[in-house]
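Novice: turn this into a model:
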Amino acid sequence: MAAGAASLALLASCLGAAQANEAPTSSLAAGAAQAIADAAATAEDSVPALEDLDESSQELDDDISLPVPEALEGEPTPVPETPISEELAKEPFTAPDPAESTADADAKCQARLEAAMARGDDAPVSCASWSTGMSVAELRAAVGAWPTPDWCDDNGANGKWYVNRFKACGIFPAKLNVHDVRTGKLLGSMDYLVRAYAYGKRDIKTWAYQVELMELSSWGAARGLRANGSVKCAGKCKVTESTFPSQAMGGSKEAVGQFFFDTTIKTTPKGDKGEGQATAAWRFTKGAYVSNELTLPTPPVRCDNALPGTSKPGCVMPYIPEMAYAKNGEYPELAKHIEYAQTTKNLPGKHGTKRYLTRLTDKAKIKANRNTACPSSLERPPGQQCDEYPFASTWQGAKYGGGDFSRRMINGKQNEDGGKALSLFYLYNRIIEKDKFLVWIK
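Specialist: As a prediction, this is how the structure comes out:
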């Protein structure tokens, strides 16, 4: 299984040496981890609020390339069956449905058999499809023996994509059956897993996709197969590299396809954005017979050149990030105010809900939100500042959110530092105009 771990590491390294700390199978030495933490802490202390910066800031161009602080990195969640953002593709994105596709695959396989018989072919007919035939215990045992990111394989081979803001991973069970062309009799079969991994970065316009095919068991005419494939990209993207040559399948041999894409959004002038979606396809061969193709699309990937404060483009996955504040952390008064606003006043943005906040980037509108909630005429006690929720940098703020808001005088330093943390959250997660997010009070 070492080949799988090595190829995943290669996928990350090909996106640039600066991204190596994001690789799914890599680990950081204690010294390197501390250096990253120190760098992130320094950035948080020095970066002003994004709305106070020019449209292109070298300061943030540098800071956006820093490793993301752990507290700002979201937990992966399954891609739902309906779009989670108004900015996503109009058609819902769904992972393959093995139960549904099995029926379709059986019908297509029968049609291929009938066509081969009509042509008088002698070669067996092999049919690839998604599968639900293996037990959960078998699948979990197989996944456990295969180096995979914990947040992906903890869920087993359940045929779903799991995503955070810059990564997507899924493990999909599949099957290949080989039939006699004259009688339709089953001559052999193979159960295998497809591990799919897509990987982007907050500060470059290139993203990657990898599929690995791992044989679990085979018998008869399905032994000794070879696999090869290709990829297409729909939307605002182009394929820059596609590598999926013919490779032997077996108990210790994994077939790997590796693909890279560039977004085709305009890098100037500032403000462009667009989605791309890659679809990998592969087939199996043995002697004279060739299977049908099986395909697997990635979640849609949005790339943009529309992040305030930085000129660098970047690409994100369809995941709604969450800003976390802790009541026993660095900004306890801020956290307690947000908790009160979300719980007692029932204001939007609460963790576990779909009442999202959406980012506002227009400086004049942000100022209008802030002045509505916290006008200069309000008396500020010594050492305190007026804190408003929802944030002034959202469309749910006091001016543009319909008038429902909360304000409270809190410690001034906590208010300022909490605001800087929010600015970094926007930066690291590429939260642009009207992007959705939540606020989690821990």
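
Novice: you'd agree residue 187 is in a helix?
Specialist: No. Going by DSSP: H, G, I helix; E, B strand; the rest coil, the assignment for residue 187 is strand, not a helix.

Novice: with adjacent residues omitted, what lies nearest to it?
Specialist: Using Cβ to Cβ, 6 or more residues apart in numbering and skipping the chain neighbours, the partner closest in space to residue 187 is residue 221 (4.0 Å). C-betas here are computed from N, CA, C, even on glycine.

Novice: so that neighbour sits against residue 124, correct?
Specialist: Yes. Counting by Cβ atoms under 8 Å, residue 221 touches residue 124, with 5.8 Å between them.

Novice: overlap in contacts of those two?
Specialist: Jointly contacting residue 221 and residue 124 under the rule Cβ atoms under 8 Å, 6 or more residues apart in numbering are 178, 187.

Novice: where are the low-confidence patches of the stretch 51-200 of the chain?
Specialist: In the predicted model, the stretch 51-200 of the chain carries pLDDT under 70 at residues 51-61, 65-102, 132-149, 153-156.

Novice: show me which residues of stretch 330-342 are buried.
Specialist: Residues 331, 332, 333, 334, 335, 337, 338, 339, 341, 342 are the ones in stretch 330-342 that count as buried (16 or more other Cβ atoms under 10 Å).

Novice: any idea how far residue 423 is from the first one?
Specialist: Look at residue 331 and residue 423: by Cβ to Cβ, to the nearest Å, they are 13 Å apart.

Novice: next one: residue 298
Specialist: Taken as Cβ to Cβ, the span from residue 298 to residue 423 is 30 Å.

Novice: what's the span of stretch 322-336 from first residue to last?
Specialist: 17 Å (Cα to Cα, to the nearest Å).

Novice: how far away from the center of its chain is that stretch?
Specialist: Computed by Cα atoms, centre = their mean, to the nearest Å, the chain-centroid distance of stretch 322-336 equals 26 Å.

Novice: please apply the same query to stretch 365-376.
Specialist: The answer for stretch 365-376 is 35 Å, by Cα atoms, centre = their mean.

Novice: pull out the buried positions in it.
Specialist: Quick answer for stretch 365-376 (16+ other Cβ under 10 Å): 365, 366, 368, 369, 370, 372, 373, 374.

Novice: from these, which is closest to residue 167?
Specialist: Nearest to residue 167 among the buried residues of stretch 365-376, counting by Cβ to Cβ, is residue 366 at 30.7 Å.

Novice: just confirm the closest one is within a helix.
Specialist: Yes. Under three-state DSSP, residue 366 sits within a helix.

Novice: could you dump the longest helix anywhere in the chain to PDB, C-alpha only?
Specialist: Counting residues, the longest helix found in the chain (DSSP state H) is helix 98-119. Extracted in PDB, the C-alpha atoms of helix 98-119 (Å, rounded to 0.1, in the frame of the first residue of the first chain):
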ATOM      1  CA  PRO A  98     -24.600   2.900  -6.000                       C
ATOM      2  CA  ALA A  99     -28.200   1.600  -5.400                       C
ATOM      3  CA  GLU A 100     -29.600   3.600  -8.300                       C
ATOM      4  CA  SER A 101     -26.600   3.200 -10.700                       C
ATOM      5  CA  THR A 102     -26.600  -0.600 -10.200                       C
ATOM      6  CA  ALA A 103     -29.900  -1.000 -11.900                       C
ATOM      7  CA  ASP A 104     -28.800   1.300 -14.700                       C
ATOM      8  CA  ALA A 105     -25.500  -0.600 -15.000                       C
ATOM      9  CA  ASP A 106     -27.300  -4.000 -15.300                       C
ATOM     10  CA  ALA A 107     -29.500  -2.700 -18.100                       C
ATOM     11  CA  LYS A 108     -26.500  -1.200 -19.900                       C
ATOM     12  CA  CYS A 109     -24.500  -4.400 -19.400                       C
ATOM     13  CA  GLN A 110     -27.300  -6.500 -20.900                       C
ATOM     14  CA  ALA A 111     -27.500  -4.100 -23.900                       C
ATOM     15  CA  ARG A 112     -23.700  -4.500 -24.400                       C
ATOM     16  CA  LEU A 113     -24.100  -8.300 -24.300                       C
ATOM     17  CA  GLU A 114     -26.900  -8.200 -26.900                       C
ATOM     18  CA  ALA A 115     -24.900  -5.900 -29.200                       C
ATOM     19  CA  ALA A 116     -21.800  -8.200 -28.900                       C
ATOM     20  CA  MET A 117     -23.900 -11.300 -29.700                       C
ATOM     21  CA  ALA A 118     -25.400  -9.500 -32.700                       C
ATOM     22  CA  ARG A 119     -21.900  -8.600 -34.000                       C
END
